[in-house]
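Colleague: With the input below, show me the fold.
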Amino acid sequence: MAEQRTVGVGSGVEVGDRWTSPELTLDDRCREVTAWAGYVFPLFSDEAFAHQAGFSAIPVPGELVLLLMGGLAEQTGAFDETTLALTGLDEVRFRRPCHAGDTIRLEMEVVAREPSSSGRGSLTFAWTCVNQRGDTVVQARATLAFRTG
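Modeller: This next block holds a predicted model:
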């Protein structure tokens, strides 16, 4: 693992640098957020339906896992005051379901670095969300804008 330091286009971070987030255990609050977000498909609220669909329990919607991955990215301590915004989320792949009781963490690696003379640049990260068994549950590429000057 790379030395834990803050990210910024001008900070010396290079392609290949990596960070790992703290772990997060999913709990019943996931169901509350799912309901609040307006998910009405029974897969996300009905245990019997989830079992009939082949799931061991009600799954957490993938979009909620993406939201949690964003929070985990911030908890790496990698981002500094030059961070401006998430500008892209690409190549998202949901590999395995998550359920309440699962523990996830985020592994992120810089895969592209684009400084700019405009005072802004970007870094693209490969995000891999892994569960307590080491299974990859979600993969994505996240691009963030940074101030360079």
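Colleague: From Cys98, how far off is Ala48?
Modeller: In this structure, Ala48 and Cys98 are 20 Å apart, going by C-beta to C-beta, to the nearest Å. Placement of C-beta: from N, CA and C, glycine included.
Colleague: which of these two has more neighbours?
Modeller: Each of Ala48 and Cys98 has its neighbours counted (other C-beta atoms under 10 Å); Cys98 has more, 24 against 8.
Colleague: so what's that one scoring on pLDDT?
Modeller: With respect to pLDDT, Cys98 scores 96.
Colleague: Next, count neighbours for the closest residue to it other than its chain neighbours.
Modeller: Once flanking residues are discounted, Cys98 sits nearest to Val60: 4.5 Å by C-beta to C-beta, 6 or more residues apart in numbering. The local packing of Val60 (other C-beta under 10 Å) involves 22 other residues.
Colleague: try the one 3 residues further on
Modeller: Neighbours of Glu63 under the rule other C-beta under 10 Å: 13.
Colleague: Any idea how many residues pack against Leu68?
Modeller: 21.
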